[in-house]
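got a structure for you, letters missing:
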Ligand SMILES: [Zn+2]
């Protein structure tokens, strides 16, 4: 856990399907070329199957986009910055014979993506809820030729069936603890990338599946122990709270924040980060 809670926020929004969203193959077998991308699960509500986008999948999509947007980000699968930091800590231990200070020091040393999304040595500051569809939606199925994993060519004979969801609206919540303003700015930049079709969800995205739009964005922010003049906040005793409606209104509060500003990305002192 974090030693001190400075602030917390909830960003709620809807993801609306623009193109069909791959859910799963009819049979979980070797012929399904998208098995690795199969990030959707089916839950049962009142006896009816309901597709769910797990929070971990959403986080994965946002994280990989963040790695592209933030300068100096590590590749979490091939060369995580956590390895470099652990090696450095071991070296410092040997040289100075004392414990390398953790927490803040690890945050400071981590790449910008790990700073927000966490790593094997750093706690994540962002949490994604599972996203459930709201209202009506359509489930369809198609039969497709299996693709050879190595050559990418269509295989003769075997076909597989898969399911997709259309005309759906997923309700999403992102929770943040001890966030910097640039963390929020980054999430909003990713919203833009989703709308532009550069960030897609689920499997078969090379065939145009998985395009979404972000809509109905709202945010609730709390600050603990900020004493400066804070516009529009309600004093709730232990914390000050503000609800902000609409993507444009929230974006306007982040106009002066740049996710390309190295000094800003490296800052570790939440006390000096302006309130939203
Ligand atoms: Zn990293």
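Received, thanks. Everything numeric in this text was worked out from a predicted model, so none of it was measured.

State the pLDDT value of the residue lying closest to residue 262 once chain neighbours are set aside.
Nearest non-adjacent residue to residue 262, counting by CB to CB, 6 or more residues apart in numbering: residue 71, 7.0 Å away. From N, CA and C alone the C-beta is placed, and that goes for glycine too. According to the prediction, residue 71 has pLDDT 92.

and what of the one 5 residues further on?
Reading off the confidence values, residue 76 has pLDDT 85.

ok, it touching residue 118?
No - between residue 76 and residue 118 no contact is recorded; they are 9.9 Å apart, counting by CB atoms under 8 Å.

what comes up buried for stretch 72-86?
By 16 or more other CB atoms under 10 Å, the buried positions in stretch 72-86 come out as 73, 74, 76, 80, 81, 82, 85, 86.

Stretch 255-264 now?
Within stretch 255-264, the residues that count as buried by 16+ other CB under 10 Å are 257, 259, 264.

Low-confidence regions, the stretch 51-200 of the chain specifically.
Where the stretch 51-200 of the chain drops to pLDDT under 70, the residues are 93-101, 145-160.

Around the ion, which positions in it sit nearby?
74, 81, 111, 114 (CB under 5 Å from the ion).

Make JSON lines from the residues you listed and add secondary structure and distance to residue 8 to it.
Below are those laid out as JSON lines (DSSP: H, G, I helix; E, B strand; the rest coil; distance: CB to CB, whole Å):
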{"residue": "74", "secondary structure": "coil", "distance to residue 8": "26"}
{"residue": "81", "secondary structure": "helix", "distance to residue 8": "25"}
{"residue": "111", "secondary structure": "coil", "distance to residue 8": "23"}
{"residue": "114", "secondary structure": "helix", "distance to residue 8": "20"}
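
Tabulate these in TSV, adding columns for distance to residue 61.
Output for those, formatted as TSV (distance: CB to CB, whole Å):
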residue	distance to residue 61
74	18
81	20
111	18
114	17
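
Those residues: which two are farthest apart?
The two members of these with the most space between them (CB to CB) are 74 and 114, at 6.5 Å.

so what sits against both of the two?
With contacts defined as CB atoms under 8 Å, 6 or more residues apart in numbering, the residues adjacent to both residue 74 and residue 114 are 80, 81, 82.

What is the nearest of those to the ion?
Within the shared contacts of residue 74 and residue 114, distances to the ion taken as CB to the ion reach their minimum at residue 81, with 3.4 Å.

my guess is the closest one contacts residue 119, does it?
Yes - counting by CB under 8 Å, residue 81 touches residue 119, with 6.8 Å between them.

Give the residues shared as contacts by the two.
By CB under 8 Å, 6+ apart, residue 81 and residue 119 have these common neighbours: residue 110.

Who are the packing partners of the host helix or strand of residue 217?
If you go by DSSP states H and E, residue 217 is part of strand 212-223. Other helices and strands packing on strand 212-223, by 3 or more CB pairs under 8 Å, 6 or more residues apart in numbering; DSSP states H and E, are strand 7-17, helix 181-195, strand 240-245, helix 247-252.

Export those as a markdown table, with columns for mean neighbour count.
Shown next, in a markdown table, are the helices and strands packed on strand 212-223 (neighbours: other CB atoms under 10 Å):
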| stretch | mean neighbour count |
| --- | --- |
| strand 7-17 | 20 |
| helix 181-195 | 20 |
| strand 240-245 | 16 |
| helix 247-252 | 15 |
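
a markdown table for the ones you listed, including distance to residue 106?
As requested, the helices and strands packed on strand 212-223 are exported to a markdown table (distance: least, CB to CB, whole Å):
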| stretch | distance to residue 106 |
| --- | --- |
| strand 7-17 | 20 |
| helix 181-195 | 17 |
| strand 240-245 | 29 |
| helix 247-252 | 29 |
